[in-house]
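Undergrad: Pasting the sequence and the predicted coordinates here, then a few questions.
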Amino acid sequence: MLKPYQVHSEVVPSDTKAIRAEIDEALSKLRQFQSYSDWRAFLKLAEEQLERATAIGYECGRGRAMALMGFGHYSRSEFRQALKLAEAGRELLECGGDRVSYADTLGLLAMVHWSLGNYDRAVELGLKAIRIHQELGSDEGLAWCYTSAGGILHDVGDHQQALDYHQKAIAIFKGKENDFGLARALTGLGVVYRTLGEYNAALEVQRESLELFRKKANPVGEARALNDIGAIYQDLKEYDKALEYHQQALAIREKADTPQALTTTQVNIGHVYRQTGRYEEAEVILRQALETAESLEVKPRIWQAHLELAELYEAMGDAVRALRHHKAFHRVRDEVFNDETNSRLHNLQLAFEMETSRREAEIQRLRNVELAQALEDVQSAQAQMIQSEKMAALGDLVAGVAHELNSPLAVIMSSSQLNETLSARLVCNPEDPSKQRRALETFNENNKAIHAAAARINRIVRSLKGFARLDEAEYQLADLHRGIEETLVLLEPKYRDRVEIRREYAELPKVYCWAAELNQAYRVLLENAFEAIDGPGVLEIRSALLGGEIELTFRDSGPGIPPDVLPKLFHPSFRKTGLRVEARMGLFGAFHIVQKHGGQLRASSEPGKGAAFTIRLPARTEDTPESVSRPKLS
């Protein structure tokens, strides 16, 4: 048993770090295995890095080197040696925490077990590798796992899932511009199309694969594509074409020293020979295939060779040998596909699908949480911006009110001072009736001025109190006209002696609303209208009761709104003043206040003909639960 990886606390010497970096770089180059056709040289290079990693105690390096050596032996069809090395590498990588290489090694083990006919173990390892690559976001590693898993699932009869995996792999390889990976995935897809009887599609992808392999100067891949094209023509009973492609594949595979792949082509050629009556040649090549498959212990090729020999001897009229090979075929095939194996394969695939669904549901849940948090953040930011705008507007409003109060207060103060003077005169001239009369007349006039000024102050204060709805419930039965008039009083400095207010009020019922907030919306619309009118102008305010809705329209005689601005009118806007950037949230805030009431705020305009803002509100005359179902906008 290999020693588990130990995490050391001491500092790694700089020279050791450099050696580790060199080992990692060399192993990374070896991982690009498509550039190798000489697997002996590949194994020698991997073994050199294993020795270097062992010498400095670099366990993850040892694990990766062993896994690569396992791949080299797998490519040479030395499956037992491949298993031994890959398992040892897997153990080191699992302990060392290199999850990408660990997942790659699981994928390698899946391919080895697939070749040996251990399909249940191959599926188990392959699906585990897919899960890890999905978690890590390792796209190319995932694509290779999809490719091998697609081949395994095809062989166990799950053609639809195999098709899906190959298509996923192709999409990833195309995105990564990995032509070698793309070529390999295309061969897998072509095999599935052939099994499904979609021969044109199968030929198309296999020819594309062949072209890519030749472009990459990869003889092993080229032989695979040639063999698979021959198998398609074999099914189409175009035996001359089939034999041509198979013999090309055979020549490459004999030279490349890939015994397992060689047996596949030998079985296919034996089939073509049998179908064309070349029995003796068929018997020779099929026996060679069986002998090689048995020496490699690759059960799928063993039972395929037995089946072809059984059918060959049956065609030759040799019932005894035909029966013997039929029995051998069923025995080996049953070892691969028994009830227990089929059940385990089904359960593994089901468990993987359930786990995938669970992970997707969890990802969706987390996305929903993130979206909810993002929405909450946006709403909070909007509320803060609206509140800031309201405070700025309140400051402007207070300044205007203070200015309006100054004039009557000045009248009261000056009149009071004059009354004091008159009182003194009356006291000083008690015997002069004419002076007393004039003083009393002036006194009365001053009292009238004081009363008028006080009345004006009272009107402003009452309007301000009504605008803010102090000492009243937030949600209340309110007179909408009163709210508009109170707002007009407070904004009087902005339009006095300049803008004519024309009112066309219909008879409206009192409605339940957030009256103070609606007053804020009126303020925004009225201020916009007064700002839009440059010089003398007219503001028309109309109200109407339309069935179950109330409509309020504010139409100004300003220059109008450009068509390109109208769609963005109720979005937050920004302006730069010096080094500061200010948010303009007025219409945005008014829009949301009206929305909160279940209503609509629309704008219409023709350039040069002014603009109209229309509020539509439900005429809620009863305080029902539906009336207050919306949350309050801060």
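TA: Yep, it's here. Residues are numbered from 1 along each chain as shown.
Undergrad: ok, Ala55 - contacts?
TA: Contacts of Ala55 were listed using CB atoms under 8 Å, 6 or more residues apart in numbering, and none were found. All C-beta atoms are positioned from the backbone trio N, CA, C, and that covers glycine.
Undergrad: hey, where'd the strands end up in the chain?
TA: 475-478, 499-504, 511-514, 537-546, 549-556, 573-577, 580-584, 600-605, 611-618 (DSSP state E).
Undergrad: so how far is Gly97 from the residue nearest to Asp24 when sequence neighbours are not counted?
TA: Residue nearest to Asp24 in three dimensions, not counting chain neighbours: Gly61, with 6.9 Å by CB to CB, 6 or more residues apart in numbering. According to CB to CB, to the nearest Å, Gly61 stands 13 Å off from Gly97.
Undergrad: who's more crowded, these two?
TA: Neighbour comparison, Gly61 and Gly97: the larger count goes to Gly61, with 26 against 11 (by other CB atoms under 10 Å).
Undergrad: The more buried one and Leu27 touch, don't they?
TA: Yes. With contact defined as CB atoms under 8 Å, Gly61 reaches Leu27; the gap is 7.0 Å.
Undergrad: any common contacting residues for these two?
TA: Gln49.
Undergrad: circling back: just the strands of the chain: most buried one?
TA: strand 511-514 (a mean of 22; mean count of other CB atoms under 10 Å).
Undergrad: What lies in contact with that strand?
TA: Contacts for strand 511-514 (CB under 8 Å, 6+ apart): 474-478, 480, 550, 593, 596-597, 617-623, 627-628, 632.
Undergrad: Adjacent strands (with direction) for that strand?
TA: strand 475-478 (antiparallel) (DSSP bridges).
Undergrad: Only alpha carbons, please: show the strand it pairs with as CSV.
TA: Extracted in CSV, the C-alpha atoms of strand 475-478 (Å, rounded to 0.1, in the frame of the first residue of the first chain):
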residue,chain,number,x,y,z
TYR,A,475,-53.4,55.7,5.2
GLN,A,476,-56.6,57.6,5.3
LEU,A,477,-59.7,58.8,3.5
ALA,A,478,-58.7,62.0,1.7
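Undergrad: Go ahead and measure how far it is from the middle of the chain.
TA: Relative to the chain's own centre, strand 475-478 is displaced by 44 Å; criterion: CA atoms, centre = their mean, to the nearest Å.
Undergrad: What mean pLDDT does that strand get?
TA: If you average the pLDDT over strand 475-478, you get 87.
Undergrad: What's the separation between the closest residue to Tyr165 other than its chain neighbours and Gly61?
TA: With CB to CB, 6+ apart as the criterion, Tyr165 has its nearest non-adjacent residue at 3.7 Å, and that residue is Gly150. Look at Gly150 and Gly61: by CB to CB, they are 31 Å apart.
Undergrad: Got the phi and psi for Glu177?
TA: phi 60, psi 40 (degrees, to the nearest 10).
Undergrad: Could you list the low-pLDDT ranges of the stretch 251-400 of the chain?
TA: 337-370, 372, 374-400 (pLDDT under 70).
Undergrad: contacting residues for Asp534?
TA: When contacts are counted by CB under 8 Å, 6+ apart, Asp534 touches 558-559.
Undergrad: From Ile561, how far out is it?
TA: 14 Å.
Undergrad: same deal with Val267?
TA: With CB to CB as the criterion, Val267 and Ile561 are 80 Å apart.
Undergrad: same deal with Lys327?
TA: 90 Å.
Undergrad: do Ala315 as well
TA: Taking CB to CB as the measure, Ala315 falls 89 Å from Ile561.
Undergrad: which one of these two has more residues nearby?
TA: Ile561 (20 against 14).
Undergrad: just checking, the more buried one touches Ala603?
TA: Yes. Using CB under 8 Å, Ile561 is in contact with Ala603, at 6.8 Å.
Undergrad: Next, show the common contact partners of those two.
TA: 569, 611.
Undergrad: any weak-confidence spans in the stretch 501-634 of the chain?
TA: Checking the stretch 501-634 of the chain against pLDDT under 70 turns up 572-585, 624-634.
Undergrad: and with 80 instead?
TA: For the stretch 501-634 of the chain, applying pLDDT under 80 flags the ranges 571-586, 623-634.
Undergrad: now the stretch 1-150 of the chain
TA: Those would be 1-15, 31-38, 96-97, if you go by pLDDT under 80 across the stretch 1-150 of the chain.
Undergrad: just the helices in it please.
TA: 14-31, 39-55, 59-75, 79-96, 99-116, 119-136, 139-155 (DSSP state H, counting those that start in this stretch).
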